[in-house]
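> Predicted coordinates and the sequence they were generated for:
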Amino acid sequence: MSVAGPFSASAEPSAEPVRQCGQGSPPQRITTVELTWIEQSTERWLRFGAPIRDQILDRRRRLLCFAENSVFAFVRWASNDYGTILSRLAIVRAVATGEAYSTLPCIAPGGEILLQLNGWPRVRQAFELIDTVEDLGIDPCIASPDYWRHMHNRLIAGHRPRRYTLARHRAWLMRRELGA
């Protein structure tokens, strides 16, 4: 899912940080992301992600809520009269109650950072690699978190990451099924 541009979805009830999943089940942590769209000035949007709730705050802002263990890509971009001043991408896993997490602007309470890049050249490279995952018919939300970490480390070091493949994805799904 790519969320960009003016907001058009219907408003939903406000998000609470923890919700009950049902009778006798432990509370589930909700991770909230605030998106902003001020044309040619400030843009905060998702490159991919599957929110469980979407709430419009006003013409320019909205809140998206993610269940624990959801993975999403959050983009922050800003410019001034002289051009782009900020270009950042973070791929984040929403954490469960009691798990350690890192804080990020516009994400409450925070999450596990799988990838974090600054600067348009690196962000553009990451977008291209995300596109290759999607070209395989794989939703980036369910791709291996290890791949996003690998991608982060390689791009930061100035190297080209290995491509995500169907074989790698199948191995990840089998490993996850086994609980390893």
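Happy to help now that I have it.
> For Asp58, the count of nearby residues, please.
Neighbour count for Asp58, taken as other C-beta atoms under 10 Å: 7. In short, each C-beta sits where N, CA and C put it, glycine included.
> Which of the three states applies to it?
coil (DSSP: H, G, I helix; E, B strand; the rest coil).
> Could you measure from it over to Ile30?
Asp58 sits at a distance of 21 Å from Ile30 (criterion: C-beta to C-beta, to the nearest Å).
> so for the helix or strand that contains Val92, what's the average pLDDT?
Val92 belongs to strand 83-93 when assigned by DSSP states H and E. Across strand 83-93, pLDDT averages out at 94.
> Dump it to PDB, restricted to CA.
Provided in PDB are the C-alpha atoms of strand 83-93 (Å, rounded to 0.1, in the frame of the first residue of the first chain):
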ATOM      1  CA  GLY A  83      15.300  22.200  -2.900                       C
ATOM      2  CA  THR A  84      15.200  19.000  -0.900                       C
ATOM      3  CA  ILE A  85      16.600  19.300   2.600                       C
ATOM      4  CA  LEU A  86      15.500  15.900   4.000                       C
ATOM      5  CA  SER A  87      15.000  12.500   2.400                       C
ATOM      6  CA  ARG A  88      14.700   9.500   4.800                       C
ATOM      7  CA  LEU A  89      13.400   6.000   4.600                       C
ATOM      8  CA  ALA A  90      12.800   3.700   7.600                       C
ATOM      9  CA  ILE A  91      11.500   0.100   7.400                       C
ATOM     10  CA  VAL A  92      10.100  -0.600  10.800                       C
ATOM     11  CA  ARG A  93       8.500  -3.600  12.600                       C
END
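> buried ones in that strand?
For strand 83-93, the neighbour count (16 or more other C-beta atoms under 10 Å) marks Ser87, Arg88, Leu89, Ala90, Ile91, Val92, Arg93 as buried.
> Return the list of helices and strands in contact with that strand.
With contacts taken as 3 or more C-beta pairs under 8 Å, 6 or more residues apart in numbering; DSSP states H and E, strand 83-93 sits against strand 71-80, strand 107-118, helix 120-135, helix 145-156.
> Give the pairing partners of the second one; include direction for each.
I take that to be strand 107-118. Partners of strand 107-118 in the sheet, by DSSP bridges, are strand 31-38 (antiparallel), strand 83-93 (antiparallel), strand 102-104 (antiparallel).
> what comes up buried for the helix or strand in which Arg168 is found?
Arg168 belongs to helix 166-178 when assigned by DSSP H and E. Neighbour-count burial for helix 166-178, counted by 16+ other C-beta under 10 Å, picks out Arg168, His169, Trp172.
> contact partners of that helix?
Contact with helix 166-178 is made by Leu136, Ile138, Ala143, Ser144, Asp146, Tyr147, as judged by C-beta atoms under 8 Å, 6 or more residues apart in numbering.
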